[in-house]
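**Student:** Give me a 3D structure for the following:
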Amino acid sequence: MKRVHFLGIGGSGASAAAAIAQEQGFKVTGCDLEPQNEFTTQFKPSQLLKDHSPKHLAFHPKGAGSNVDILAVTPAIYSLDPNNPELSEAKRLGIEILTWQQFLGKYLMKDKFVIAVAGTHGKTTTTAMIAKLLEDAGMDPTVELGAIVPWWGTNYRVGKSRYFIVEADEYNDNFLAFHPDISVVTNIEMDHPEYFKDFESYKESFKKFLESTKKTIIANLSDPGVKQTLASHMSSGNTVINYSKHLIEFPLNIPGEFNRSNASAAYQVGLKLGIKPQTIQKSLSSYPGVGRRFEYIGEYRGAKVYSDFGHHPTEIRETMKAAREKFTKSRILLVYQPHMFSRTKALFDDFIKVFREAPADKTYIINIYPSREIDTESVSSRQLVDAVGKKSVVHIGSTDHALEKLKPEIRKGDIVFFMSAGDTDKLAKELVSV
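**Tutor:** Numbering: from 1, shown residues only. Here you go, the predicted structure:
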């Protein structure tokens with residue numbers, strides 16, 4: 001019975017891996033700067049250690065030295081805090097060190113039939129759709145993804161069958177830790193410039209992921225990035241299914257052409273696994289969505305408030321199109337927080353274009369969320385707003401004062417969309433709690 005300690009357990013992915021590990025019989029502890037959050041409610045307070053300390057590795061006080069067998073590290077530690085004291089101590093003690101994705105691939109996916117969902121956009125939703133589909137079909141899968149699934153109340157599921165469904169993230173080449181039986185690729189568009197030097201290196205990472213696939217690739221070949229990557233995919237023996245040729249025609253509960261595409265990918269996975277078409281359609285047509293993906297939060301003085309994880313120009317464009325499709329006559333207010341300086345700078349022109357064209361009546365841009373980066377003052381939200389040059393796109397500064405500036409702007413009947421991978425979800429929930 002191995003003991004695994006998660007360095008960065010508060011993250012949306014690491015917390016799910018830790019929970020699955022615990023269900024599979026591992027003894028689990030974890031630490032983070034703020035370890036107790038919506039993703040870690042399944043752990044006892046005694047398992048969650050605050051901050052980082054070498055003492056955490058000797059948390060189980062049996063015998064000399066460390067009683068931790070494996071240190072599972074969130075990949076951001078390597079770039080943000082390479083001299084982390086726990087990481088250094090684990091190296092000194094000879095503890096096995098893995099990213100939590102490598103731990104997932106090596107230990108938790110062993111002897112499983114793995115379905116991995118990759119792509120620049122849409123992977124969380126597509127993963128959740130496939131999970132619901134297998135669950136509805138009685139196939140009892142284990143699932144790991146980066147959002148709270150409403151009908152579970154968690155970001156994971158532990159099943160008793162051989163099926164393991166995982167959201168496969170490309171940052172840091174994380175998805176190369178998986179060797180899936182079925183790979184799904186929704187789209188490939190340049191992202192994570194803090195890690196990938198250019199689009200070619202980004203596509204090369206996806207190519208390696210596809211080459212690790214054992215059986216079937218289900219891909220959106222109408223997407224240029226996917227088409228280019230698959231064209232350079234030299235491995236033989238894989239069946240390739242172009243799901244963009246088989247888009248679903250039945251209605252969904254969630255809006256947007258992109259969700260129709262996501263559901264079409266899930267549909268093809270279902271067919272490949274032998275699930276009856278009527279079962280697939282019933283499951284997908286009743287799919288309710290997941291946390292922070294066009295998620296309804298509540299009301300503020302008669303205005304409806306939504307939260308979304310979108311942080312890439314394409315995601316902003318497509319989500320706002322879906323919002324306008326759903327709320328044809330309402331006034332839409334978009335509150336956006338750019339995520340990371342490197343992304344904002346690398347995709348600056350794309351952000352300008354999307355904010356000039358997005359079908360929002362007014363857009364409020366908050367200061368950049370730094371995430372794992374340091375502000376070098378090379379780019380700012382103020383510069384972005386000035387470059388957009390549109391009266392309806394304004395800068396509202398830090399999150400500390402955002403709501404007090406927003407509240408007088410909101411009218412009854414408005415749709416208020418908080419969007420980012422940063423702090424805006426907290427702002428949305430704070431607004432409706434007033």
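
**Student:** Run a quick neighbour tally on residue 12.
**Tutor:** Applying other CB atoms under 10 Å, we find 20 residues neighbouring residue 12. (C-beta placed from N, C-alpha, C; glycine too.)

**Student:** distance of the residue lying closest to it once chain neighbours are set aside from residue 411?
**Tutor:** Leaving aside its sequence neighbours, residue 12 sits nearest to residue 146 (CB to CB, 6 or more residues apart in numbering; 4.1 Å). Applying CB to CB, to the nearest Å, the value for residue 146 to residue 411 is 34 Å.

**Student:** who has more neighbours, those two?
**Tutor:** Remark: of residue 146 and residue 411, residue 146 carries more neighbours, 22 against 12, as counted by other CB under 10 Å.

**Student:** Shouldn't the residue nearest to residue 12 be within a strand?
**Tutor:** Yes: assessed with DSSP: H, G, I helix; E, B strand; the rest coil, residue 146 lies in a strand.

**Student:** so it sits right up against residue 168, yeah?
**Tutor:** No: when contacts are counted by CB atoms under 8 Å, residue 146 is not listed as touching residue 168 (10.6 Å).

**Student:** Show me how the chain divides into domains.
**Tutor:** For the chain, automatic domain parsing gives the domain ranges 3-104, 109-285, 295-432.

**Student:** Where among those domains is average confidence lowest?
**Tutor:** Mean pLDDT is lowest for domain 3-104 out of the domains of the chain, coming in at a mean of 90.

**Student:** what distance separates that one from the middle of the whole chain?
**Tutor:** 20 Å (CA atoms, centre = their mean, to the nearest Å).

**Student:** what's the first-to-last distance across that domain?
**Tutor:** End-to-end distance for domain 3-104, by CA to CA, to the nearest Å: 14 Å.

**Student:** List the contacts of the longest helix along the chain.
**Tutor:** Longest helix in the chain, counting residues (DSSP state H): helix 257-272. Residues outside helix 257-272 that contact it (CB atoms under 8 Å, 6 or more residues apart in numbering): 115, 117, 121-122, 125-126, 129-130, 133-134, 137, 182, 184, 186, 216, 218, 220, 241, 243-244, 246-248, 252, 277, 279-281, 283-284, 287, 318, 321-322.

**Student:** ChimeraX command to pick out the buried ones of these?
**Tutor:** Here is the ChimeraX command that selects the buried residues among those (16 or more other CB atoms under 10 Å):
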select :115,117,121,122,125,126,129,130,133,134,137,182,184,186,216,218,220,241,243,244,248,252,280,281,283,284,287,318,321,322
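
**Student:** from the contacts of helix 257-272, which ones fall inside strands?
**Tutor:** Among the contacts of helix 257-272, DSSP state E puts 115, 117, 182, 184, 216, 218, 241 in strands.

**Student:** Isn't the last one up against residue 216?
**Tutor:** Just to be clear, that refers to residue 241. Yes: assessed by CB under 8 Å, residue 241 is found in contact with residue 216 at 6.7 Å.

**Student:** Which helix or strand contains residue 98?
**Tutor:** Secondary structure from DSSP states H and E places residue 98 in strand 96-99.

**Student:** Neighbouring strands of that strand in the sheet, and parallel or not?
**Tutor:** Paired neighbours of strand 96-99 in the sheet (DSSP bridges): strand 70-73 (parallel).

**Student:** buried residues in the helix or strand just after the partner strand?
**Tutor:** Per DSSP H and E, the first helix or strand lying C-terminal to strand 70-73 is helix 76-80. Using 16+ other CB under 10 Å as the test for burial, helix 76-80 gives 76, 77.

**Student:** So which elements touch the next helix or strand after helix 76-80?
**Tutor:** Sequence order places helix 85-93 as the next helix or strand after helix 76-80, per DSSP H and E. Here helix 85-93 touches strand 3-7, strand 70-73, strand 96-99, going by 3 or more CB pairs under 8 Å, 6 or more residues apart in numbering; DSSP states H and E.

**Student:** Please determine how far residue 97 is located from residue 5.
**Tutor:** Residue 97 is 10 Å from residue 5, where distance means CB to CB.

**Student:** Show me which of these two is the more surrounded one.
**Tutor:** Just comparing residue 97 and residue 5: by other CB under 10 Å the higher neighbour count belongs to residue 5, 28 against 16.

**Student:** is the more buried one in a bridge, and if so with what?
**Tutor:** Here residue 5 sits in beta bridges with residue 29, residue 71, going by DSSP bridges.

**Student:** check contacts around it.
**Tutor:** The contact partners of residue 5, taken as CB under 8 Å, 6+ apart, are 28, 29, 30, 31, 56, 57, 59, 68, 70, 71, 72, 86.

**Student:** My understanding was that the last one contacts residue 7; is that so?
**Tutor:** Yes: if you go by CB under 8 Å, residue 86 and residue 7 touch, sitting 5.5 Å apart.

**Student:** Show me the common contact partners of the two, please.
**Tutor:** With CB under 8 Å, 6+ apart, residue 86 and residue 7 have common neighbours 31, 52, 71.

**Student:** what residue lies at the spatial centre of the protein?
**Tutor:** In the chain, the residue lying closest to the centroid (CA atoms, centre = their mean) is residue 146, at 4.6 Å.

**Student:** Look up how far residue 121 lies from residue 47.
**Tutor:** Taking CB to CB as the measure, residue 47 falls 34 Å from residue 121.

**Student:** which residues of the stretch 251-400 of the chain fall in helices?
**Tutor:** For the stretch 251-400 of the chain, the helices defined by DSSP state H, counting those that start in this stretch cover 257-272, 277-285, 313-326, 341-346, 348-357, 381-388.
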